[in-house]
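Enquirer: Here's a sequence, model it:
(one chain, ligands or ions: 2)
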Amino acid sequence: MASRLFRAVIMGPPGSGKGTISDRIAQSFGLKHLSSGDFLRDSIAANTEAGVMAKAYIEKGLLVPDHVMTHVLLPRLELMSGHSWLLDGFPRTLAQATALDSVCQLDMAIILNIPFETLKERLSERWVHPASGRVYNVEFNPPRVKGVDDISGEPLIQNDDDKPEAVLSKLRRYKDIAKPVMDFYKKKDILYSFSGTDTDKIWPYISSLLSTKLPAVQASAQTSHCTPINTEGIL
Ligand SMILES: Nc1nc2c(ncn2[C@@H]2O[C@H](COP(=O)(O)OP(=O)(O)O)[C@@H](O)[C@H]2O)c(=O)[nH]1
Ligand SMILES: Nc1ncnc2c1ncn2[C@@H]1O[C@H](COP(=O)(O)OP(=O)(O)O)[C@@H](O)[C@H]1O
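Expert: Ligands and ions are numbered 1, 2, ... in the order given. Model (predicted):
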């Protein structure tokens, strides 16, 4: 049977488990997991104009400006026009949400509400394999060998923006800017909120929600709800 594409975003403060839950959703439901942080790190590694600008903000624990974010993100979404996807880490501001809305009709916005103290602990224990984006946590999902990626055997690093001084400043600013984004999706009646301190306890609720929504979407006619994007000259 033909199926319509499914598009969702997952939001929440840094360390709330967006990446961890997105990987589970991608594996269980076959959506592509797209991460704004990964796209930015690609642009930084490729030394693009947007990447150079983004790096300066990330290193200070600041959000990358909206026009740089949309310049990096929207063309990547266009490349995904034939796929169902889950977008992790974008939008973070109302301007980003409206930019996304102008090119793409979302089916669902998931929001993770995790207590501040839990976030601080998790982020200081987060280690990543930069080449693949695989994420580990000293307690929750430790690598088999301390400090080493399970698959490649390469060393793990701690991102600069997970170091204590950057973590505190980004958590403080999160709430103020996230509220208008949540209100935006609430008005569209696509917001689903999940609270708790433990990803393994939240996951069954998210999984059962998606089980009810995905078959319904797949039963409709196949259409992409995203329109082509022109981002030339917006940097
Ligand atoms: N202790 C603990 N750590 C978790 C849990 N869920 C995720 N983590 C870890 O917390 C860190 C942040 O999770 P991540 O998915 O990267 O969050 P994101 O910043 O929202 O994408 C990572 O090191 C995860 O492995 C949990 O329930 N308990
Ligand atoms: N949508 C966005 N808007 C502005 N800045 C962003 C966005 N997504 C990612 N960033 C920048 O990239 C950094 C790393 O993002 P990410 O990998 O999602 O990690 P975290 O979950 O720790 O914020 C963020 O701290 C922020 O500076």
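Enquirer: For the protein, which segments are assigned as strands?
Expert: Per DSSP state E, the chain carries strands over the ranges 7-11, 32-35, 85-88, 108-113, 126-129, 134-137, 191-195.
Enquirer: helices or strands up against the longest one?
Expert: By that I understand strand 108-113. Judged by 3 or more CB pairs under 8 Å, 6 or more residues apart in numbering; DSSP states H and E, strand 108-113 is in contact with strand 7-11, helix 18-29, helix 164-187, strand 191-195, helix 199-218. Glycine gets a C-beta too; all of them are placed from N, C-alpha and C.
Enquirer: Let me know which of these is tucked in deepest.
Expert: Greatest average neighbour count among the helices and strands packed on strand 108-113 goes to strand 7-11 (a mean of 25), per mean count of other CB atoms under 10 Å.
Enquirer: Please name the nearest non-neighbouring residue to whatever residue of the chain ends up closest to ligand 2.
Expert: Closest to ligand 2 within the chain is residue 37: 1.9 Å, counting by CB to the nearest ligand atom. Nearest residue to residue 37 in three dimensions, chain neighbours excluded: residue 89, at 5.3 Å (CB to CB, 6 or more residues apart in numbering).
Enquirer: list the contacts for that neighbour?
Expert: Residues counted as contacts of residue 89 (CB atoms under 8 Å, 6 or more residues apart in numbering) are 18, 35-37.
Enquirer: what would those look like in a markdown table with pLDDT?
Expert: Formatted as a markdown table, those follow (pLDDT from 0 to 100):
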| residue | pLDDT |
| --- | --- |
| 18 | 95 |
| 35 | 94 |
| 36 | 95 |
| 37 | 91 |
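Enquirer: Out of these, who's the most crowded?
Expert: Neighbour counts for the contacts of residue 89 (other CB atoms under 10 Å) peak at residue 18, which has 25 neighbours.
Enquirer: That one against residue 10, yeah?
Expert: Yes - Residue 18 is in contact with residue 10 according to CB atoms under 8 Å; the separation is 4.9 Å.
Enquirer: what does the protein put close to ligand 1?
Expert: Residues of the chain found near ligand 1 (CB under 6 Å from any ligand atom) are 12, 14-20, 122, 126, 135, 137, 139-141, 198-200.
Enquirer: Repeat the analysis, applying 8 Å as the threshold.
Expert: Within the chain, the positions lying close to ligand 1 (CB under 8 Å from any ligand atom) are 12-23, 35, 37, 88-89, 112, 118, 121-123, 125-127, 135-141, 197-202.
Enquirer: what about residue 55, neighbour count?
Expert: Neighbours of residue 55 under the rule other CB under 10 Å: 18.
Enquirer: So it sits against residue 44, correct?
Expert: Yes - the criterion here is CB under 8 Å, and residue 55 meets it with residue 44 at 4.9 Å.
Enquirer: thinking again about what came up before, need the strands of the chain in JSON lines with distance to residue 175, can you?
Expert: JSON lines is the format used below for these (distance: least, CB to CB, whole Å):
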{"stretch": "strand 7-11", "distance to residue 175": "12"}
{"stretch": "strand 32-35", "distance to residue 175": "22"}
{"stretch": "strand 85-88", "distance to residue 175": "19"}
{"stretch": "strand 108-113", "distance to residue 175": "10"}
{"stretch": "strand 126-129", "distance to residue 175": "20"}
{"stretch": "strand 134-137", "distance to residue 175": "23"}
{"stretch": "strand 191-195", "distance to residue 175": "14"}
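Enquirer: got those as CSV, with distance to ligand 2 columns?
Expert: Formatted as CSV, the strands of the chain follow (distance: least, CB to the nearest ligand atom, whole Å):
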stretch, distance to ligand 2
strand 7-11, 9
strand 32-35, 6
strand 85-88, 7
strand 108-113, 11
strand 126-129, 8
strand 134-137, 9
strand 191-195, 16
